[in-house]
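1. When you get a sec, could you give me coordinates for this:
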Amino acid sequence: MMWLTADAHRRWLESETDRLLDFGKHGRDPRGGFGYLDVDGRIDTSRDVELWITCRMTHIYALGAMLGRPGCAAYVDHGVDSLLGRLRDDEHGGWFAAIGADGPTNDAKEAYGHAFVILAAASATAAGRPGAAALLEEAVEVHSTRFWDDEAGMSRESFSRDWSEEEQYRGVNANMHTLEAYLAAADVLGDHALLDRAIRIVTRVVDSYGRGNDWRLPEHFDIDWNPLLDFNEDEPAHPFRPYGATVGHALEWSRLTLQASFALQQSGRHAPEWMVPAARELYAAAVRDGWNVDGHAGFVYTTDWEGAPVVRERMHWVAAEAIGAAAVLWRATRSPEYAEQYQQWWDYVGEHLLDAEKGSWHHELSTENEPSGTVWPGKPDIYHALQATLLPRLPVTPALAPSLAAGNLDRP
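-> Residues are numbered from 1 along each chain as shown. Model prediction:
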């Protein structure tokens with residue numbers, strides 16, 4: 001039996017979607033935004049409300065609302081209200097990276113978080129929630145004005161609160177989520193200019209940097225986009241900027257490359273021939289370098305530039321992205337290897353990552369697949385895991401929210 005086409009597996013995916021949605025509801029902060037969840041699913045009060053978590057949870061509950069889950073719409077509205085209120089910088093524009101009880105605790109303007117504002121707003125707009133369309137318009141305008149570098153065809157990284165000081169760094173992680181956000185916004189708005197930007201990002205990162213580095217994607221660059229291959233060598237387990245090649249990001253880029261290719265075709269344009277083969281190469285390299293390479297099941301977090309493991313902890317989001325990439329690759333190619341690996345990745349999740357006792361997934365495991373927290377303590381949000389339950393049930397494109405709005409769930 002092939003799980004990807006089995007009604008019984010889809011029913012299980014649906015039940016897991018609901019389990020995750022129930023867990024994440026505990027993250028709503030009554031003061032505004034969504035908090036960082038601990039292993040028990042309670043807000044970790046030692047942490048501030050962060051922009052990226054608030055946006056990701058707003059996006060997820062927009063998906064829940066479009067799945068017809070009662071109560072999810074209120075969580076979308078809570079997120080939208082927070083992005084139009086508590087997290088928004090009314091003086092200088094844009095959104096604070098983090099806020100506490102008395103106001104902003106990190107007032108930097110970060111491309112990573114601002115990309116997720118676009119994603120959250122696009123999904124909330126697809127769900128028809130009040131205020132979402134205005135939020136999306138503002139988010140795209142801020143990103144276009146402040147972050148988008150048209151000469152480079154990439155996003156800048158971060159600025160001070162008043163935009164007067166720019167970080168002398170460029171990162172692929174923020175650009176990956178900018179690509180994701182632009183694809184979603186282009187679908188919701190019918191904006192081909194945003195799709196064109198998305199194609200420019202994926203072309204430079206995948207067809208240039210990935211192809212030129214044996215499909216191990218450089219993550220860190222100077223302001224002129226020269227790769228910094230030894231960046232954070234002394235802090236290899238950094239949660240956002242780790243040293244070396246990040247296995248999960250290669251899987252994520254593989255999926256996004258396919259989605260960008262199909263989005264071009266859906267818009268009536270020709271997709272470059274390199275895109276599907278490159279997505280397959282990225283995925284293959286990530287599996288080769290990352291899966292079961294140290295005598296234990298699971299994907300390692302990072303490798304060096306020769307493919308040797310560096311940080312060996314198993315992150316839940318890497319397995320989730322492997323599932324999503326395999327599902328999308330199978331839909332795009334119908335190659336049986338992806339269907340087989342899709343089942344393999346879910347078997348690993350079922351054996352090691354699903355937390356039947358406390359809910360959600362363990363966000364990090366040790367090399368021996370025991371719960372750990374060296375890089376990602378707690379269970380901050382449900383974004384990666386929940387998307388892994390929906391990507392197998394939807395076509396390659398459009399993006400998740402507009403695809404649900406179009407009624408594409410479980411269509412052959």
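2. quick one: the helices in the stretch 151-300 of the chain?
-> 172-189, 192-202, 247-266, 275-290 (DSSP state H, counting those that start in this stretch).
3. any idea of the mean pLDDT for the shortest one?
-> Taken as a whole, helix 192-202 has an average pLDDT of 98.
4. what's the burial count for residue 7?
-> Residue 7 sits with 8 neighbouring residues when counted by other C-beta atoms under 10 Å. Quick note: C-beta positions are derived from backbone N, CA and C, even for glycine.
5. Likewise for residue 29?
-> 19.
6. wait, what's in contact with it?
-> 35, 43, 49 (C-beta atoms under 8 Å, 6 or more residues apart in numbering).
7. make it 10 Å
-> Residues near residue 29 by C-beta atoms under 10 Å, 6 or more residues apart in numbering: 35, 36, 43, 45, 48, 49, 53, 54, 78, 82, 86, 99.
8. Does the second one touch residue 51 like I think?
-> No: in terms of C-beta atoms under 10 Å, residue 36 does not count as a neighbour of residue 51; the distance is 11.9 Å.
9. right, so of the helices of the stretch 151-300 of the chain, which gets closest to residue 325?
-> Closest to residue 325 of these, according to C-beta to C-beta: helix 247-266, at 4.4 Å.
10. between the closest one and helix 275-290, what angle do the directions make?
-> 170 degrees (axes from the mean of the first three to the mean of the last three C-alpha atoms, to 10 degrees).
11. And residue 357, which helix or strand is it part of?
-> For residue 357, there is no enclosing helix or strand under DSSP states H and E.
12. returning to that earlier point: and the helices of the stretch 151-300 of the chain as a markdown table, adding distance to residue 217 and mean neighbour count?
-> Formatted as a markdown table, the helices of the stretch 151-300 of the chain follow (distance: least, C-beta to C-beta, whole Å; neighbours: other C-beta atoms under 10 Å):
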| stretch | distance to residue 217 | mean neighbour count |
| --- | --- | --- |
| helix 172-189 | 6 | 26 |
| helix 192-202 | 11 | 21 |
| helix 247-266 | 6 | 25 |
| helix 275-290 | 8 | 22 |
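13. Mind putting these into TSV with distance to residue 327?
-> Below are these laid out as TSV (distance: least, C-beta to C-beta, whole Å):
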stretch	distance to residue 327
helix 172-189	16
helix 192-202	19
helix 247-266	8
helix 275-290	11
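14. nearest to residue 409, of those?
-> Closest among the helices of the stretch 151-300 of the chain, using C-beta to C-beta: helix 172-189, at 15.6 Å.
15. Off-centre distance for that closest one?
-> How far helix 172-189 lies from its chain's middle: 10 Å, per C-alpha atoms, centre = their mean, to the nearest Å.
16. what do you get for stretch 263-276?
-> The answer for stretch 263-276 is 22 Å, by C-alpha atoms, centre = their mean.
17. Between its first and last residues, how far does that stretch reach?
-> Terminal residues of stretch 263-276 are spaced 13 Å apart (C-alpha to C-alpha, to the nearest Å).
18. got the residue ranges for the strands in the chain?
-> 49-50, 98-100, 103-106, 109-110, 148-149, 154-155, 158-159, 170-171, 220-221, 245-246, 302-303, 314-315, 364-365 (DSSP state E).
19. counting contacts, what elements does the third one pack onto?
-> Strand 103-106 sits against strand 49-50, strand 98-100, with contacts defined as 3 or more C-beta pairs under 10 Å, 6 or more residues apart in numbering; DSSP states H and E.
20. Columns mean pLDDT and distance to residue 263 on top of those, output as JSON lines?
-> Output for the helices and strands packed on strand 103-106, formatted as JSON lines (pLDDT from 0 to 100; distance: least, C-beta to C-beta, whole Å):
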{"stretch": "strand 49-50", "mean pLDDT": "98", "distance to residue 263": "29"}
{"stretch": "strand 98-100", "mean pLDDT": "97", "distance to residue 263": "32"}
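21. Please work out which of those strands is packed deepest.
-> strand 49-50 (a mean of 24; mean count of other C-beta atoms under 10 Å).
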